[in-house]
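Engineer: how does the following fold in three dimensions:
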Amino acid sequence: MHRIDLWICADADATPQRLAASRDWLAPDEHARWRRFLREDDRRRFLLARGLVRGVLARCTGVAPAALEFEAQVHGKPALAGALRASGWEFNLSHTRGMVALAVSRGVEVGVDVEAIDRRLDPLRLAARNFSPHERAALEATADAARPARFFDLWTLKEAYVKALGCGLQHDLRAFSVSFDAGAPAILEHADGVERASACSCWLDEPAPGFRLALVARDVPAIDVHVVRGFPPVPA
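Structural biologist: Just a heads-up that it's a prediction; the model follows:
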């Protein structure tokens, strides 16, 4: 069973000390992005997210947070750069209003997605554009009261899956399905009219009331998810 560390931070974790440390760790391009945000909430969330990535990966690699270097892979997924690229540490970040989530693993590609689920939306209309026929049928069969929650179950797992593949939303979301037919979530891949189970492992959770989080690990039969809440200690 493969271990994955899942770090979850709420906006309340963005203390002045942590935000100041995160700002000091930013690379020049990250600092420029931070300054371009107009809303203070967006600036704080960006610092929290970047500080979480750098703080956690510093613990994993033994490299100072500010010295870590990153690069974009073929389809834009961030990865460690330089000599650390061969270390095997993989990570994926997701953030929504009120929460940031970071999945970290060694030797296995991971994808994570967290969503605030208290927003008004039309699940069937969105599913018509983004879900497979299998998923649309399952959503239509879900009771009206339970349909929004089931929509976010499907959506977060789909997002986490394409992020684990490293292709993000460039992958057609209708080309595969999330299935709950066996109780636990599973990814079904469709190719040449054949439906087959993916080798990926899925994990679904409610990290706090009003949020849904999904984690997918690529090409492993089982995962052991260790949840850590809050920001890692700021290095002295």
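Engineer: use CA for all of it now, contacts and neighbours both
Structural biologist: Fine.
Engineer: where do the helices sit along this structure?
Structural biologist: Along the chain, counting by DSSP state H, helices occupy 16-25, 28-36, 40-61, 123-130, 133-140, 147-165.
Engineer: compare the ones you listed and give me the one nearest residue 202.
Structural biologist: Nearest to residue 202, of all the helices of the chain, is helix 147-165, at 7.5 Å by C-alpha to C-alpha.
Engineer: the closest one: which residues count as buried?
Structural biologist: For helix 147-165, the neighbour count (16 or more other C-alpha atoms under 10 Å) marks 147-149, 151-165 as buried.
Engineer: sorry, back to before: would TSV of the helices of the chain with mean pLDDT and distance to residue 172 be doable?
Structural biologist: Listed next are the helices of the chain as TSV, based on pLDDT from 0 to 100; distance: least, C-alpha to C-alpha, whole Å:
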stretch	mean pLDDT	distance to residue 172
helix 16-25	92	35
helix 28-36	93	29
helix 40-61	94	27
helix 123-130	91	8
helix 133-140	92	13
helix 147-165	94	9
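Engineer: winner for burial among those?
Structural biologist: A comparison of these by mean neighbour count, using mean count of other C-alpha atoms under 10 Å, puts helix 147-165 on top with a mean of 23.
Engineer: how far does that one sit from its chain's centre?
Structural biologist: Put simply, helix 147-165 sits 10 Å off its chain's centre (C-alpha atoms, centre = their mean, to the nearest Å).
Engineer: let's have the helices of the chain in CSV, adding distance to residue 77.
Structural biologist: Formatted as CSV, the helices of the chain follow (distance: least, C-alpha to C-alpha, whole Å):
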stretch, distance to residue 77
helix 16-25, 21
helix 28-36, 16
helix 40-61, 14
helix 123-130, 21
helix 133-140, 26
helix 147-165, 7
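Engineer: which among these is found nearest to residue 5?
Structural biologist: Evaluated over the helices of the chain, closeness to residue 5 peaks at helix 40-61, with 9.8 Å, by C-alpha to C-alpha.
Engineer: distance check, the residue sitting nearest the centre point of the chain against residue 63.
Structural biologist: Taking C-alpha atoms, centre = their mean, the centroid of the chain lies closest to residue 112, which sits 2.2 Å from it. Using C-alpha to C-alpha, to the nearest Å, residue 112 is found at 24 Å from residue 63.
Engineer: same deal with residue 215?
Structural biologist: Residue 215 is 26 Å from residue 63, by C-alpha to C-alpha.
Engineer: now swap in residue 91 and tell me
Structural biologist: With distances taken as C-alpha to C-alpha, residue 91 is found 16 Å from residue 63.
Engineer: between the two, who's got more neighbours?
Structural biologist: Neighbours per residue (other C-alpha atoms under 10 Å) separate residue 91 from residue 63, with residue 91 holding more: 26 against 14.
Engineer: hmm, the more buried one is touching residue 79, no?
Structural biologist: Yes. The criterion here is C-alpha atoms under 8 Å, and residue 91 meets it with residue 79 at 7.1 Å.
Engineer: how about residue 84, what does it touch?
Structural biologist: Residues counted as contacts of residue 84 (C-alpha atoms under 8 Å, 6 or more residues apart in numbering) are residue 61.
Engineer: and it, what's its pLDDT?
Structural biologist: pLDDT, residue 84: 90.
Engineer: do residue 184 as well
Structural biologist: Residue 184 is given a pLDDT of 83.
Engineer: any idea how far residue 126 is from it?
Structural biologist: Between residue 184 and residue 126 the computed distance is 23 Å (C-alpha to C-alpha).
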